[in-house]
Structure formats: C-alpha cells, structure tokens
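**Student:** fold the following, please.
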Amino acid sequence: MSIFIAIAAALTLLVIAWLVRPLLRPAPQDGVSSQRLNTAIYRDQLAALDQDLANGTISPADHEATRDELQLRLLDDTAEPDAPAPNATAPFWSARRTAVLIAVTLPLLSAGMYRWLGNLAALDPVAAQSAANEQVEQMVASLAAKLQANPDNPKGWAMLARSYKVMGRLDEAEQAYNKATDAISNHPDLLVDFAELLALRAQNRMDGRPTALIRQALAVDPEHPSALMMSGVAAYQRGDFDGAVQEWEKLLSLLEPGSEDAKLTQENLDDARAQSAMAQKKKTRP
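**Tutor:** Alright, predicted model coming up:
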C-alpha cells in the first residue's frame with residue numbers, strides 16, 4: 001500500500017469517527033435531575049413554612065393546610081413518568097443506524113470521487129513511470145518526424161540528440177549531433193555533451209574528436225566546469241599529468257569548497273600530482 005493510500009484511509013477513519021461519535025452517545029436521562037430539582041424546591045418551601053409558623057406569621061391551622069398541599073404537589077411532581085405504550089414503534093432511522101450508514105457510505109463515496117476525478121495510475125509508481133516513459137518516447141518520435149520533414153533546424157537536431165543520449169540511443173544521438181553542428185558550435189554545454197557521447201562510444205577514451213570538442217568549448221567559455229574536468233581527463237589519458245593538474249587546479253578554484261564535486265576534483269588532482277612526481281623521478285634516473 002502506498003503512502004498516499006495509507007494517509008487517505010487514516011483521514012477517512014478520523015472523519016468517520018468524528019461524525020459517528022455523537023450519534024453513538026447514550027441519550028441523557030433528564031427525569032432523574034428533574035425529580036431532584038423538584039424535591040429540593042419543595043423542601044425549601046416547607047422549611048420556609050415552618051419558619052413562618054415559628055415567627056407567628058401564620059396560624060397553626062393555615063400551616064397544617066399549606067403543608068398538606070405542598071406534600072400533595074410534591075408527590076405529583078416527583079411521580080414516575082408513564083411508561084411508553086408497549087405497542088409503540090421505534091423510528092427506523094435511529095442514531096445507531098445512521099452511524100452505520102455514514103461508516104459504510106463515506107469510504108465508498110470517497111473512493112468513487114477519486115476514481116472519477118483523480119488519477120488512478122499515480123497510485124502505481126511502476127505504471128506511472130511506464131506511462132511517463134511512453135509519453136517521452138512519443139514526444140521524441142514526434143520531434144524526429146518533424147526534423148525528417150524539415151531537416152534545416154540545427155537547434156531541433158541538438159535537442160533530439162540530447163534526448164537520444166538520455167534514452168541510451170547513442171548511435172542515433174551521434175547522428176543527430178552531426179546534423180546540429182551549426183547550433184552547437186558556440187554552445188559549450190552542447191559541445192561538452194557531444195564530446196561525452198563520443199567518449200562513451202569509444203570506451204571512455206577522450207583522444208581524437210572528443211578532445212577537439214572540449215577545446216572548442218573552452219574557447220567559448222574558459223571557465224566551463226565540465227569542459228575543464230574533461231580536458232583534465234584527456235590530458236591524464238595521454239600521460240600529460242602536468243596538463244591534468246593545471247586543468248583541475250583551475251576547476252577546483254571554481255567549485256564550492258567542501259562540495260562533492262570539489263572533493264572528487266581534489267582526489268583526481270592529488271592522483272595527477274602523484275603521477276607527475278613519479279614521471280619526473282623516472283626521467284631523472286641514470
């Protein structure tokens with residue numbers, strides 16, 4: 001079960017509990033409190049009547065008559081209420097049945113609303129990713145068809161080349177880049193991307209055209225980080241460790257200190273310096 005379903009189920013249960021709880025509470029028993037209140041009132045009245053007799057305000061005969069009247073009224077007011085007729089029919093929509101109806105229908109209505117208005121595919125990450133990949137492939141195929149019909153679009157070929165590269169279709173990516181020469185000639189990002197593509201196809205070797213593309217990128221932007229990194233790699237591969245040190249030192253000065261890229265560059269720089277020192281020792285040996 002996905003996190004979304006778990007959260008939705010928990011919220012639904014909370015809402016059901018909030019709605020149903022008042023319906024399941026027992027009804028208050030008002031008869032008991034009413035009897036106690038009446039008894040307390042009449043007790044106070046009898047106490048006041050006895051006080052009037054003690055003060056001489058009323059005669060003993062009036063006191064006796066009034067006392068009997070209060071006692072009779074007390075008996076009437078505190079008598080048990082009449083029991084409901086045995087044949088009386090309880091209402092069908094009781095509080096308990098209403099609570100059950102809410103508990104059953106609310107989840108069904110919620111699920112139905114999501115099925116109608118929501119996106120069921122989003123609940124399945126695999127299906128969602130598959131749908132996204134299919135959509136991307138359709139977009140790339142549509143772009144390729146437009147370029148075949150109108151090939152005089154270097155920027156379009158560059159976009160198609162990068163898309164093919166991301167999809168792992170390296171042969172088609174190289175062909176597209178070759179048709180986008182005018183669009184990438186002054187674009188260091190695309191030049192570096194093309195160089196990386198060619199290096200991947202050559203088992204990560206930078207000699208030849210990849211190195212030429214990197215130099216072209218650095219001519220446009222001498223501080224392009226990716227171009228400096230790959231230029232150092234090219235120098236290292238051909239044994240020019242001092243050249244690699246020079247490129248990576250410049251790159252390190254551009255990176256944020258302590259970042260992952262800076263740490264990786266420092267490791268490569270230390271290795272290139274060590275290789276340069278070893279090469280110098282070999283040269284000085286008799």
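
**Student:** quick one: the helices in the chain, in order.
**Tutor:** Assignment of helices within the chain using DSSP state H yields the ranges 3-24, 30-55, 60-77, 95-117, 125-149, 154-166, 170-178, 181-184, 188-201, 209-220, 225-237, 241-254, 260-284.

**Student:** is it possible to get CSV of the ones you listed that adds mean neighbour count and mean pLDDT?
**Tutor:** All C-beta spots, glycine's among them, are computed from the backbone N, C-alpha and C. Below are those laid out as CSV (neighbours: other C-beta atoms under 10 Å; pLDDT from 0 to 100):
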stretch, mean neighbour count, mean pLDDT
helix 3-24, 12, 75
helix 30-55, 12, 70
helix 60-77, 12, 72
helix 95-117, 12, 75
helix 125-149, 12, 75
helix 154-166, 19, 89
helix 170-178, 18, 91
helix 181-184, 16, 82
helix 188-201, 21, 93
helix 209-220, 19, 95
helix 225-237, 22, 95
helix 241-254, 19, 95
helix 260-284, 13, 91
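
**Student:** which one is residue 164 nearest to, not counting chain neighbours?
**Tutor:** Counting by C-beta to C-beta, 6 or more residues apart in numbering, residue 164 lies nearest to residue 173, which is 3.6 Å off, once chain neighbours are set aside.

**Student:** equivalent analysis for residue 156, please.
**Tutor:** According to C-beta to C-beta, 6+ apart, the nearest residue to residue 156 is residue 147 (5.1 Å).

**Student:** what sits against the closest residue to residue 160 other than its chain neighbours?
**Tutor:** Spatially, and ignoring its direct neighbours in sequence, residue 160 is nearest to residue 176 (4.6 Å; C-beta to C-beta, 6+ apart). Residue 176 sits next to 157, 158, 160, 161, 164 when contact means C-beta atoms under 8 Å, 6 or more residues apart in numbering.

**Student:** wait, isn't the second one in contact with residue 183?
**Tutor:** In this case it means residue 158. Yes. Using C-beta atoms under 8 Å, residue 158 makes contact with residue 183 at a distance of 4.6 Å.

**Student:** mutual contacts of the two, please.
**Tutor:** Common neighbours of residue 158 and residue 183 (C-beta under 8 Å, 6+ apart) are residue 190.

**Student:** stretch 180-188: end-to-end distance?
**Tutor:** 13 Å (C-alpha to C-alpha, to the nearest Å).

**Student:** how about residue 259, phi and psi?
**Tutor:** Torsion angles at residue 259 (phi, psi; degrees, to the nearest 10) stand at phi -70, psi 170.

**Student:** which ones are touching it?
**Tutor:** Contacts of residue 259 by C-beta under 8 Å, 6+ apart: none found.

**Student:** likewise residue 226?
**Tutor:** 189, 192 are the contacts of residue 226 under C-beta under 8 Å, 6+ apart.

**Student:** residue 280 versus that one, what's the distance?
**Tutor:** 29 Å (C-beta to C-beta, to the nearest Å).

**Student:** cool, and residue 183?
**Tutor:** Residue 183 is 44 Å from residue 280, by C-beta to C-beta.

**Student:** domain ranges for the protein?
**Tutor:** 3-23+33-78+97-118, 185-281 (automatic domain parsing).

**Student:** quick revisit: test my guess that the residue nearest to residue 156 contacts residue 157.
**Tutor:** Yes. Counting by C-beta under 8 Å, residue 157 is a contact partner of residue 147 at 6.1 Å.

**Student:** now residue 205: phi and psi?
**Tutor:** The phi/psi pair for residue 205 (degrees, to the nearest 10) is phi -90, psi 140.

**Student:** could I get the contacting residues of it?
**Tutor:** 199, 237.

**Student:** residue 193 now?
**Tutor:** Applying C-beta under 8 Å, 6+ apart, the residues contacting residue 193 are 161, 162, 165.

**Student:** if I look at it, how far off is residue 174?
**Tutor:** In terms of C-beta to C-beta, residue 193 sits 11 Å off from residue 174.

**Student:** overlap in contacts, the two.
**Tutor:** Common neighbours of residue 193 and residue 174 (C-beta under 8 Å, 6+ apart) are residue 161.

**Student:** grab the nearest non-local neighbour of residue 266.
**Tutor:** residue 252 (6.4 Å).

**Student:** that neighbour against residue 262, yeah?
**Tutor:** Yes. Between residue 252 and residue 262 there is a contact at 6.3 Å, judged by C-beta under 8 Å.
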